[in-house]
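Trainee: pasting a predicted model and its sequence here:
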Amino acid sequence: MTKRCSLKVTLGIVLLSAMLLGVGLILFFWLKANPSFITEVYRPFSRTAEGALSKVMSVVPFSAAEILLYTAALGLLAAVFRLVWVLITGCRPRIKYLLRFVSVILLIAVCAVCAYYLLWGMNYFGLTLGEEMGLDVKKRSPEELAGLAEYLVEKTNLYAALVERNEDGSFSEKYSFEYFAGAVAEEFSEFSGRTEAPVKYVIASEGLSELRTTGIFVAYTGEANVNRDNYVSSLPFCMAHETAHRYAVAREDEANFLAFYVLCDADDPALCYSVYLSALRYTQSRLASADRDAYLDVCGKYSELVRYDNAQYSEYWSRFEGKAAEVSQKTNNAYLSANGQEDGVKSYGRMVDLLLAWRAAGNE
């Protein structure tokens, strides 16, 4: 009787997983075929849900998602060790135990995927940010691209000189992670019309650097997590990028652009400098392929302070080039491709298309 009951429980778990997966797939493809519904109904829901989660999680100063990840990893490791022990010793019926183990892992995986797309993941398939903002995103001429780079280098040089610095040119100690987190949250709150929780740093930030990762948004907890070891001039931009994800902006180029849009007129010049410098890097990367001479001309207009920050930024990230970074990039590339961003990690650079459309609309 016990053996039959055990098999029924295992079968029940498998059937439940299949039902959840089936319903999830039906909803997924229906929503994917209705981008207007995603934008008008799902996205506001997602923003509200993620905002509520972030407020609940803000009661703890550390990243709850990071701790939950470590806990889950330890739990999985313990379960695997137990499985191996059972298979070796035969202290329990091996096949039945293996089937139960696989069925439970399957159910957890299906629930995790369904929860992800229920809470946030479908934002990849809604209308684009350009469409929502009425921007005319289209292919632009090399001349327009060069004009954007000229504009950005002028602004970047301007704000570089307004940042409080030490005698050697480095950022003042005033600009701590906590200072930027609070300032970015304040600016984003003014934009969103709601109180945004500050981003949190990842305890294992050095590990993120090894993976060449600047931040991670976790939909399950609503937490925008940022690598605190990143070079200081880039922190506000990365913080705003992850906060944009929490605001239900899923695509990487759009999160980059919204980060720029929210902070480009911030009260603190250090925030403005961070987004203009980041926008300049992306634009220059595009210009280098389109018009090498124009690219070199813009490079020649960098102020000494901008050159200093670029050198420090490059020096930091050049230390993290290896297999771990390659695997991380390939994983992120596969994830983005699976969610409709066919050019994978290169999609970050499409921010330039939005910048060009934004400037063409008369914004400066």
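Mentor: Great, that's in hand.
Trainee: so what's A64 up against?
Mentor: 57, 221, 223 (CB atoms under 8 Å, 6 or more residues apart in numbering). No exception for glycine: its C-beta is placed from N, CA and C like everyone else's.
Trainee: how about those in TSV, adding pLDDT, neighbour count and secondary structure?
Mentor: Listed next are the contacts of A64 as TSV, based on pLDDT from 0 to 100; neighbours: other CB atoms under 10 Å; DSSP: H, G, I helix; E, B strand; the rest coil:
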residue	pLDDT	neighbour count	secondary structure
M57	95	19	helix
T221	97	21	coil
E223	97	28	strand
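Trainee: so can I have CSV of those showing distance to G134?
Mentor: Formatted as CSV, these follow (distance: CB to CB, whole Å):
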residue, distance to G134
M57, 34
T221, 33
E223, 31
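Trainee: low-confidence ranges in this structure?
Mentor: Residue ranges of the chain with pLDDT under 70: 1-6, 322, 324-329, 331-349.
Trainee: show me the longest helix that occurs in it.
Mentor: Across the chain, the longest stretch assigned as helix under DSSP state H is helix 2-32.
Trainee: mind listing what's buried along the helix or strand just after that one?
Mentor: The helix or strand immediately downstream of helix 2-32 is helix 35-37, counting by DSSP states H and E. Buried residues in helix 35-37, defined by neighbour count with 16 or more other CB atoms under 10 Å: P35.
Trainee: what sits up against helix 35-37?
Mentor: Helix 35-37 is touched from outside by 31, 125-127, with contacts defined as CB under 8 Å, 6+ apart.
Trainee: once you drop chain neighbours, what's closest to I13?
Mentor: Nearest non-adjacent residue to I13, counting by CB to CB, 6 or more residues apart in numbering: S103, 4.2 Å away.
Trainee: what about the longest helix of the chain, distance to the chain center?
Mentor: Offset of helix 2-32 from its chain centre (CA atoms, centre = their mean, to the nearest Å): 31 Å.
Trainee: tell me the helices and strands packed up against that helix.
Mentor: Counting by 3 or more CB pairs under 8 Å, 6 or more residues apart in numbering; DSSP states H and E, the packing neighbours recorded for helix 2-32 are helix 94-119.
Trainee: strands of the stretch 151-300 of the chain, start to end?
Mentor: Secondary structure of the stretch 151-300 of the chain (DSSP state E, counting those that start in this stretch): strands at 200-201, 215-218, 223-226.
Trainee: pull up the pairing partners for the first one, direction included.
Mentor: Sheet pairing here is set by DSSP bridges, and for strand 200-201 it gives strand 223-226 (parallel).
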